[in-house]
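Student: below are the sequence and a predicted model for it; my questions follow.
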Amino acid sequence: MHYTLDKDEMYEISLGSRNDVLPMRASAMTNSDFKTEHKNAADPIGRLSWHYENPAAEALSFVDTGVPVVGITSNTVPWELIRAAGAFPCVIDSGNAGCTDISSFMEEGVFEKRIRALFGAAISGDLQYLSLLLIPRTSEQEYKLYLYLREVARQDPHRRIPPVYLYDLLHTRSPESYSYGLERTLRLKERLEELTGRRIDDAALLTAIKESNSARRAIRKLLCLRRQEPRVTGTEALALIGASFFMDRADYAHLAERAAQAIEDRPPLPGKRLMIAGSSLPHRRLHQALEKHGAVVVSEDDWRGSRSAGKDIADASSDLLKVLFEKYYLDTPSPRLFPFEIADAWFQQASTDGIDGVVFYLPPEDCVAGWDYPRRRHYLDERGIPHLLVREDAMSISEECRKRIENFVRNMDVGK
Amino acid sequence: MAGKQLECTLAAGEYQKSWFAQLRKDVFEKQRPYAIVQADMPFELFQVMDVPVVSNQWWAAIISAKRLSGYYLDILNSMGFHDGLCRYCSLAAAATLAKDSERAPWGGLPKPALLAARLTCDCLQRVFALWGEAFGSECVFLDNPGATELPPRWWELSRRRWRELFEEHRLKFTVKQFQNLIKALERVSGRQFQIDRLRGLMERVNRQEEYFDEACQMIRSAPRTPVRMHEQVANVMAAQWKRGSEWAVEHARTFRDEIRNRVRQGAAACPGEGLRLMWVGAGLWHDTDFYTAFEEEFGAVFVWSMYLAFGPDGYIRYGLDDPLLALASRTVSMNEQLHNPPWANEWMVHQAMLHRIDAALVLTPMGTRPTATGNRFIERALEQAGVPVLSVVADMVDARDWDPNAMRRKVSEFLTHRVLPHLDSVRRHS
């Protein structure tokens, strides 16, 4: 197996191990030779893609060496605090949707598939390698996930559920929410110190911040290579960026820099430049479907993609905890972000920055992003930017939807 | 349709209608400021500032009862808001966005001075901001801090030991947000907030809920329930929306007195009462006849819903030296108490036991998914406590997917094939 820039080959890699994304990704890492081969490959693109496909791999290797692993369920957690405490932070992206017990506790159709799969993984023992499962208040569903896991643990103490912790970061922009969030961040610091037995001093925090800033810089380089004259497909880019959530960030930064260098030498990709907005995508199926018809996904309004890095944390600050908190409070996307001017700012800027069209992804399980759709659609209409609404689960796109995508891409004016 | 059995039920309905007519008159003729708020907001602050309040959920229920929900929700969908979005919290906003006041119940909502909501789900800021934009009115949002300490049997702590029940940082944060809300209310009302006035109101709320507590105790201890569930709801909520007002306290007392008289007279809501049912979730506002549909054939009477029982357990606060803090404790965990584990399931079982419940129907509103959380825990807990459960997948305000006959058949089958055999078996063994 070779990693090439050939699109079909890339699809093969993607589909080969991420068919079911959340349900499959944990187990996928154990049984494939080509994956092991590419874990250690010299090619940085191959290695990053491997980590994206095997999100728990690095965490498990840290467990083997005795390093505590702290799982996080989404993006609004100060990764740097965990690192500074001497633990390994890792986004939990490998669920267990097949756990038969889920339906005993969780209402069918009420929770997103991602949350159900996470819940399944936690109650089935799949996450017992975690020293702590850190759940941020990024969405209300995550808060409910926290309450549900606590209750299952209370009712059945023999279940192998990792300890859970709620990082109650609020998102309204008020002085009260700011103070509350800063205080919660301090409490989180204390909890992590207790977990690892290591005091988080400024030196440790600074090292972790510098490490994560280097990863952010590398991500921003990759993002630059997607815009205007894209040299990397969205399908590939999502894996290169997404690997940052599952890897040691110093290693990641090094590999991502090299990947960016390699990509720089590629010729620009032809095709219409699309942006994806709406619900977050824990997989690349929609990117694949769009790019199969000759488009290039150059950005996505998603913490897993174009919005994963944001700005650097001000490492010269005399109050590192404060600037760390502010990074996650003020510069990290979340469905709770409010008011509209703040929540829409990134979308408005990105959708008018060399984009030929926007695809709104609102799967059947959505009950949040749909409130933003008419407003954002109106914004695009006023500027003559074409858009398409996908209301299907991207994991199983129908023929009819594929045809609509094909027509949309074909009929869009290039270079608008 | 079963007739009303309590005089106070008719009085509550009349009061609400004339109150709303007066509100419209005051708003249009005297530019009196009023507010539209989410049901779990601290209504008390609006009361003490003399800013009348229309509850979002109350207005949605009125629209639904007038069979207008399908009309407005279709309009909402045609504007690009897809049909998977929450309906209960957005129906009233949809009626405003529809700009069709001629069709709206009672002439529709006039422009409020303020809209306000607690952010207990990720949709509310969006719904209220859209709504505020449509009216051209200011919105105030209270953020909702998460609970991490949830002691068992919360109802045993909530009245007197509420400081132990809720985490201090959550209460303090909520008080700070109340202070911001008070500033907004001072601005729109031109009045100054007085803490003693709030204390007095909180004391009256306690009195009101004590009446409800007595009513609740009589309902559960009477051999047969003296009042149907949906009449309980009509009376309780009419008073809760105006809690602490003279009318509300007096109405609660009248409600209690009527129940007491009925109990003394041995009057039963359903003379042939054979099965006592529990309704878990918001009311089925578009089909309240559903609640009496099983009396004739099965003697099955809905005895319990959260609306009455939550009054005393959720609202009473003794120790009002810091009334804002006490109010924060009333507000801060309503969502956890009613909809989420461990508090909701624990409380429902406790209530089921107190009310000698034979079976429970649990509403799972797929059109309003955030309010459906916690249901499996509730269902499991009730079943484990020996209460058979039927899950009712339906929306509380949207009748578009509701098949009344099919649902009545489903409940009949549940009573015939699960509940009656279960009770036979229990009786045989005892």
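Tutor: Received it, and whenever you're ready, just let me know what you need. Residues are numbered from 1 along each chain as shown, chains lettered A, B, ... in the order given.
Student: could you pull out the strands for the stretch 301-430 of chain B?
Tutor: Secondary structure of the stretch 301-430 of chain B (DSSP state E, counting those that start in this stretch): strands at B:359-364, B:389-393.
Student: let me redo that: the stretch 151-300 of chain A
Tutor: Under DSSP E, counting those that start in this stretch, the stretch 151-300 of chain A gives strands at A:164-167, A:273-278, A:296-300.
Student: also the stretch 51-200 of chain B?
Tutor: Ranges of strands within the stretch 51-200 of chain B are B:53-55, B:114-118, B:138-142, based on DSSP E, counting those that start in this stretch.
Student: what do you get for the stretch 301-416 of chain A?
Tutor: Under DSSP E, counting those that start in this stretch, the stretch 301-416 of chain A gives strands at A:357-361, A:387-390.
Student: chain B versus residue A:297, what's the distance?
Tutor: From residue A:297 across to chain B, the span is 22 Å (CB to the nearest CB, to the nearest Å). Bear in mind the C-beta positions are built from the backbone N, C-alpha and C, glycine included.
Student: name the nearest residue to that residue, sequence neighbours excluded.
Tutor: Distance criterion CB to CB, 6 or more residues apart in numbering or on different chains; nearest residue to residue A:297, sequence neighbours excluded, is residue A:234 at 2.6 Å.
Student: ok, so what distance separates the one you found from chain B?
Tutor: Residue A:234 sits 24 Å away from chain B, taking CB to the nearest CB as the criterion.
Student: mind checking pLDDT for that residue?
Tutor: The model reports residue A:234 with a pLDDT of 98.
Student: find the centremost residue of chain A, please.
Tutor: In chain A, the C-alpha nearest the mean C-alpha coordinate belongs to residue A:304, at 2.8 Å (CA atoms, centre = their mean).
Student: read off the pLDDT value for it.
Tutor: 96.
Student: ok, the residue lying closest to it once chain neighbours are set aside - contacts?
Tutor: The spatially closest residue to residue A:304, leaving aside those adjacent along the chain, is residue A:242, at 5.6 Å (CB to CB, 6+ apart). Residues near residue A:242 by CB atoms under 8 Å, 6 or more residues apart in numbering or on different chains: A:52, A:304, A:305, A:308.
Student: state the distance from residue A:242 to residue A:75.
Tutor: Noted for residue A:242: a distance of 11 Å to residue A:75, by CB to CB, to the nearest Å.
Student: between these two, which contacts overlap?
Tutor: The contact sets of residue A:242 and residue A:75 overlap at A:304, A:308 (CB under 8 Å, 6+ apart).
Student: buried set for the host helix or strand of residue A:146?
Tutor: Using DSSP states H and E, residue A:146 maps to helix A:140-155. For helix A:140-155, a neighbour-count test (16 or more other CB atoms under 10 Å in any protein chain shown) marks A:140-153, A:155 as buried.
Student: between those residues, which is nearest chain B?
Tutor: Using CB to the nearest CB, residue A:151 is the member of the buried residues of helix A:140-155 that lies nearest chain B, at 3.7 Å.
Student: does the closest one really touch residue B:341, like I thought?
Tutor: Yes: contact criterion CB atoms under 8 Å: residue A:151 and residue B:341 qualify, at 3.7 Å.
Student: which residues are common contacts for the two?
Tutor: Residues touching both residue A:151 and residue B:341 (CB under 8 Å, 6+ apart) are residue B:377.
Student: returning to what we had before: now render the strands of the stretch 301-416 of chain A as TSV, adding mean neighbour count, distance to chain B and mean pLDDT.
Tutor: Output for these, formatted as TSV (neighbours: other CB atoms under 10 Å in any protein chain shown; distance: least, CB to the nearest CB, whole Å; pLDDT from 0 to 100):
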stretch	mean neighbour count	distance to chain B	mean pLDDT
strand A:357-361	23	10	98
strand A:387-390	20	9	98
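Student: now the ones you listed as CSV including distance to residue A:411?
Tutor: Formatted as CSV, these follow (distance: least, CB to CB, whole Å):
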stretch, distance to residue A:411
strand A:357-361, 10
strand A:387-390, 10
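Student: give the contact list for residue B:351.
Tutor: Counted by CB under 8 Å, 6+ apart, residue B:351 has contacts B:278, B:304, B:309, B:357.
Student: widest-spaced pair of these?
Tutor: Spatial extent of these (CB to CB) is set by the pair B:309 and B:357 at 11.5 Å.
Student: thought residue A:135 was touching residue A:147?
Tutor: No: if you go by CB under 8 Å, residue A:135 and residue A:147 don't touch, sitting 9.7 Å apart.
Student: which stretches of the chain have low pLDDT?
Tutor: I went with chain A, as the question did not name one. A:1-41, A:413-416 (pLDDT under 70).
Student: my question was about chain B
Tutor: Along chain B, segments meeting pLDDT under 70 span B:1.
Student: quick check, central residue of it?
Tutor: Centroid-nearest residue in chain B, with CA atoms, centre = their mean: residue B:307, separated by 5.2 Å.
Student: that older thread, just the contacts of residue B:351: which are in helices?
Tutor: Using DSSP state H, residue B:309 are the members of the contacts of residue B:351 that sit in helices.
Student: buried among the contacts of residue B:351? Make that a PyMOL selection.
Tutor: Command for PyMOL, covering only those of those found buried under the criterion 16+ other CB under 10 Å:
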select buried, chain B and resi 278+304+309+357
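Student: just put the contacts of residue B:351 in JSON lines and tack on distance to residue B:162.
Tutor: Below are the contacts of residue B:351 laid out as JSON lines (distance: CB to CB, whole Å):
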{"residue": "B:278", "distance to residue B:162": "26"}
{"residue": "B:304", "distance to residue B:162": "24"}
{"residue": "B:309", "distance to residue B:162": "18"}
{"residue": "B:357", "distance to residue B:162": "27"}
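Student: now residue A:107: how far from chain B?
Tutor: Noted for residue A:107: a distance of 5 Å to chain B, by CB to the nearest CB.
Student: show me the contacts for that residue.
Tutor: Residues counted as contacts of residue A:107 (CB under 8 Å, 6+ apart) are B:364, B:372, B:373, B:375, B:376.
Student: for those, which single residue is the most surrounded?
Tutor: The most crowded member of these, judged by other CB atoms under 10 Å in any protein chain shown, is residue B:373 (26 neighbours).
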